[in-house]
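> coords please:
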Amino acid sequence: MAEDMSIESYLAAGGVLTNPTNVPPRYRAELMKLMATFVDSELAGAAGFADIINQGPGIKERIAAAKIVLEKTDNADKVLRIMGEFGADTGRYATHHPWTARLDRDADIGQSRSEHDMRLAVFNYPMNGWTDAVVMNLLMGRAVAVQLAEFSMVSYQPLAEAFRGIAPVEARHAELAEEGIAKLLETSEASELQSSVDYWWPRVAASFGSAESQKADTLRAMGLRKSSNAELKTRWEAETKAILEKLGLKAA
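Residues are numbered from 1 along each chain as shown. Here you go, the predicted model:
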């Protein structure tokens, strides 16, 4: 990047950020926060779902759950490697970190983050058995799909490319959850599934952040965001409500 240009002017002129050497400090800080939030959320999500694997009602379900855990961990590693190029201590993610830490089921922390890491607030809540985990995976899987569509356009090209590769993998996780719910409805009471939807809906919705973000304009100028939190949340609500209605369930 030219030394006499601001990051905003450089990107507006069609500039491309491709490695740590041409990333200014302010941009680097926001980029690292974005990556840490994704990595920590993936690792916390994988850790929580790992505890549910053996509660699957059959071998195929357990294989699907194990694959999701593996792929979420791998997705985290892809972004973690990019963080490492910026000097992040990637080793701390591998050992001695409470990825399985959860709050009480009835806790309500809104959009607050864990004191341990940058995971989204939704990953601080425990899943209550197989049915509850499948519902959570559907709702959050659809949220991840919306967010990755946004992040696949970030101005730091290596990260954008990583997210574009991750997006179809995460989309398949949401599809597996939808298939899982359809199968559960064949043998389970819809009321149990609806109860889980009612529990997880507001918690997943909170993962989109405040409707009025003070950083929105700054992130947009840096090329790290294009849509507002409210726009992304509205998109998720519409798409996910349609899926729930098809399954005979309703949004909370």
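> just the element for residue 105, please.
Taking DSSP states H and E as the definition, one finds residue 105 inside no helix or strand.
> what's the lowest-mean-pLDDT helix or strand in the chain packed up against?
Across the helices and strands of the chain, mean pLDDT, DSSP states H and E gives its lowest value to helix 7-12, namely a mean of 72. On a contact count with 3 or more CB pairs under 8 Å, 6 or more residues apart in numbering; DSSP states H and E, helix 7-12 meets helix 216-221. Just so you know, the C-beta spots here come from the backbone N, C-alpha and C atoms, and that holds for glycine as well.
> quick one: mean pLDDT for the helix it packs on?
The pLDDT scores in helix 216-221 average 86.
> just the CA coordinates for that helix, please, in CSV.
The C-alpha trace of helix 216-221 is given here as CSV (Å, rounded to 0.1, in the frame of the first residue of the first chain):
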residue,chain,number,x,y,z
ALA,A,216,-20.1,-0.2,11.1
ASP,A,217,-18.9,2.7,8.9
THR,A,218,-15.3,2.1,9.9
LEU,A,219,-15.4,-1.6,9.0
ARG,A,220,-17.2,-0.8,5.7
ALA,A,221,-14.5,1.7,4.8
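> and the closest residue to residue 144 other than its chain neighbours, what's its pLDDT?
Nearest non-adjacent residue to residue 144, counting by CB to CB, 6 or more residues apart in numbering: residue 170, 4.9 Å away. Confidence at residue 170, expressed as pLDDT, is 97.
> need the pLDDT of residue 86.
Value for residue 86, per-residue pLDDT: 94.
> can you tell me how far it is from residue 249?
The gap separating residue 86 from residue 249 is 42 Å, by CB to CB, to the nearest Å.
> in three-state terms, label residue 226 for me.
Assigned with DSSP: H, G, I helix; E, B strand; the rest coil, residue 226 falls in the coil class.
> ok, residue 115 to residue 98 distance?
10 Å.
> the two - which one has more neighbours?
Applying other CB atoms under 10 Å to residue 115 and residue 98 shows that residue 98 carries more neighbours, namely 12 against 8.
> so the more buried one sits in a helix?
No. Read with three-state DSSP, residue 98 is coil and lies in no helix.
> show me the shaky parts of the protein.
In the predicted model, the chain carries pLDDT under 70 at residues 1-5, 12-15, 94-96.
> and the longest helix anywhere in it, what's buried?
Longest helix in the chain by number of residues (criterion: DSSP state H): helix 157-187. Under the neighbour-count criterion of 16 or more other CB atoms under 10 Å, helix 157-187 has 158-160, 162-163, 166-167, 169-171, 173-174, 176-178, 180-181, 184 buried.
> now stretch 20-32
Those buried within stretch 20-32 under the rule 16+ other CB under 10 Å are 23, 27, 31-32.
> in strands, which of those appear?
With strands taken from DSSP state E, there is no overlap with the buried residues of stretch 20-32.
> looking at those residues, which are in helices?
27, 31-32.
> can I get those residues in CSV including distance to residue 194?
Output for these, formatted as CSV (distance: CB to CB, whole Å):
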residue, distance to residue 194
27, 44
31, 40
32, 39
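> nearest to residue 127 among those residues?
For these, the residue nearest residue 127 by CB to CB is residue 32; the value is 29.0 Å.
> which residues touch stretch 80-91?
19-20, 23, 28, 31-32, 35-36, 39, 93, 158-159, 162 (CB atoms under 8 Å, 6 or more residues apart in numbering).
> redo those as TSV? Include distance to residue 130.
Formatted as TSV, the contacts of stretch 80-91 follow (distance: CB to CB, whole Å):
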residue	distance to residue 130
19	44
20	43
23	43
28	42
31	37
32	36
35	31
36	30
39	26
93	28
158	37
159	34
162	31
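> tell me the one of those nearest residue 136?
Comparing these against residue 136 with CB to CB picks out residue 39 as the nearest, at 19.5 Å.
> for the most centrally placed residue in the chain, grab phi and psi.
Geometric centre of the chain, nearest residue: residue 144, 4.5 Å, by CA atoms, centre = their mean. Torsion angles at residue 144 (phi, psi; degrees, to the nearest 10) stand at phi -60, psi -40.
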